[in-house]
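Peer 1: pasting the sequence and the predicted coordinates here, then a few questions.
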Amino acid sequence: MAKDAGIARQTVVGAFVIGGVALGLAALVLFGNMRLFSTNKRAVVVFQDSVSGLSVGAPVTFRGVRVGAVESIKLQYDQAGRVAYIPVVVTLDPKQIHVMDTSHAGGEPLQLKDVIAHGLRAEQNVQSFVTGSSNINLDFYPGSPEQLHPNVSNLPEIPTHLSAIQKIKETIGDLPLKELATNTNAAVISIRDLAEKLDTDIPPLVTGLRQTSDQSQKTLDAATQAITDLRDHLDVTLANVDHLLRSSDAEIQQRGADLHTTLASATRATDQARATLESVHGMLAPRGAERDNVDAALRDIAAAAASLRGFASDVERNPQLLLMGRRQ
């Protein structure tokens, strides 16, 4: 009886252990996202640059969708070419990729070499700037060169493509940082020397400018005062000239009538003298010397009479001729 009880107890313990293992495996499969019998495909991505931050188990994504994980990372050195290669083996889950309308391909599943021929490339991206972890992202880059390394691995190879961050790193690496630092240091020294010279030269210059400004202000004040005084004197002078002109106009108006009467009398006297001479001219012999003298006198009297008439007309139109005279 005791022996049968022991065997029954061992059977119960064994069944309990087997049940616990089964439950553990079931939980691992359900909650650990594992597929014990999956048909994952393996491929390799060969890097020649640093893969810092990339670790085993890092996700492999296609435009943000996880399609696999990093399986292993190794280092291979080509002693003949003195080149180091870093083959990263990745596992791709075909169940994560649904191929639409395979009728044109005869119902054949998606082939990795076909999508590589159409531009599928792998690039290393920073997954977190805080932790520095990286992942591998897949995407199509039509026209990108297909650089393969058949001697590194026997697995299907996905060509690499430089990511934006890697391009920035290469650009920064190509910059002549030492020369830039030297030029920057020289520029800083030149700026400092210039600042010292300005500190030395500017204060006297500012003092001179201030003195010049004060003198200019004084000159401007004196000129303003002189212009004010000149304006006052000009006002008085213009008032006097205006008064003189008005007085002259009044006097000319007063004397104009007398002058007109005098000129009229002179004209009449000239006409009478001319008539007298003409009478005398008629009495003189045609060829005598007295006749020539009388003719000359008549011509002079006629010219004088014409001048008097013209002057009388001018004075009548502009009485100021008596004061100002004729303008040449």
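Peer 2: That came through fine.
Peer 1: mind listing the helices for this structure?
Peer 2: In chain order, the chain shows helices spanning 2-31, 112-117, 164-174, 177-283, 289-317, 321-324, with DSSP state H as the criterion.
Peer 1: angle of the fourth one against helix 289-317?
Peer 2: Between the axis of helix 177-283 and that of helix 289-317 there is an angle of 140 degrees, by axes from the mean of the first three to the mean of the last three CA atoms, to 10 degrees.
Peer 1: domains in this protein, by residue range?
Peer 2: 41-175, 243-324 (automatic domain parsing).
Peer 1: mean pLDDT lowest where, among those?
Peer 2: Set side by side, the domains of the chain differ in mean pLDDT, and domain 243-324 is lowest with a mean of 68.
Peer 1: hang on, the earlier thing: kindly reformat the domains of the chain as CSV containing mean neighbour count and distance to residue 186.
Peer 2: To be clear about C-beta, it is placed using only N, CA and C from the backbone, and glycine gets the same treatment. Converted to CSV, those look like this (neighbours: other CB atoms under 10 Å; distance: least, CB to CB, whole Å):
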stretch, mean neighbour count, distance to residue 186
domain 41-175, 14, 17
domain 243-324, 13, 80
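Peer 1: now distance to residue 192 too, for those, in CSV please.
Peer 2: Below are the domains of the chain laid out as CSV (distance: least, CB to CB, whole Å):
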stretch, distance to residue 192
domain 41-175, 25
domain 243-324, 75
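Peer 1: among those, which is nearest residue 199?
Peer 2: domain 41-175 (34.7 Å; CB to CB).
Peer 1: quick one, which of the domains of the chain gets closest to residue 195.
Peer 2: domain 41-175 (28.4 Å).
Peer 1: for the closest residue to residue 159 other than its chain neighbours, phi and psi?
Peer 2: Closest residue to residue 159 apart from its sequence neighbours, by CB to CB, 6 or more residues apart in numbering: residue 146 at 4.9 Å. Here is the backbone geometry of residue 146 (degrees, to the nearest 10): phi -100, psi 90.
Peer 1: surely residue 146 and residue 116 touch.
Peer 2: Yes - contact between residue 146 and residue 116 holds when scored by CB atoms under 8 Å: they sit 7.2 Å apart.
Peer 1: shared neighbours of those two, which are they?
Peer 2: Common contact partners of residue 146 and residue 116 (CB atoms under 8 Å, 6 or more residues apart in numbering): residue 159.
Peer 1: who's residue 121 bridged to?
Peer 2: residue 139 (DSSP bridges).
Peer 1: my read: it touches residue 136, true?
Peer 2: No - counting by CB under 8 Å, residue 121 stays clear of residue 136, with 10.6 Å between them.
Peer 1: residue 188: neighbour count?
Peer 2: 10 (other CB atoms under 10 Å).
Peer 1: could you check the pLDDT of it?
Peer 2: For residue 188, pLDDT reads 87.
Peer 1: can you tell me how far it is from residue 126?
Peer 2: Distance of residue 188 to residue 126, computed by CB to CB, to the nearest Å: 33 Å.
Peer 1: please apply the same query to residue 81.
Peer 2: Applying CB to CB to residue 81 and residue 126 gives a distance of 29 Å.
Peer 1: then residue 304?
Peer 2: Residue 304 is 122 Å from residue 126, by CB to CB.
Peer 1: so the nearest residue to residue 155 once chain neighbours are set aside bridges to which residues?
Peer 2: Among residues not flanking residue 155 along the chain, residue 44 sits closest, at 4.3 Å (CB to CB, 6+ apart). Beta-bridge partners for residue 44, by DSSP bridges, are residue 89, residue 157.
Peer 1: make sure residue 44 is actually in contact with residue 160.
Peer 2: No - if you go by CB under 8 Å, residue 44 and residue 160 don't touch, sitting 10.7 Å apart.
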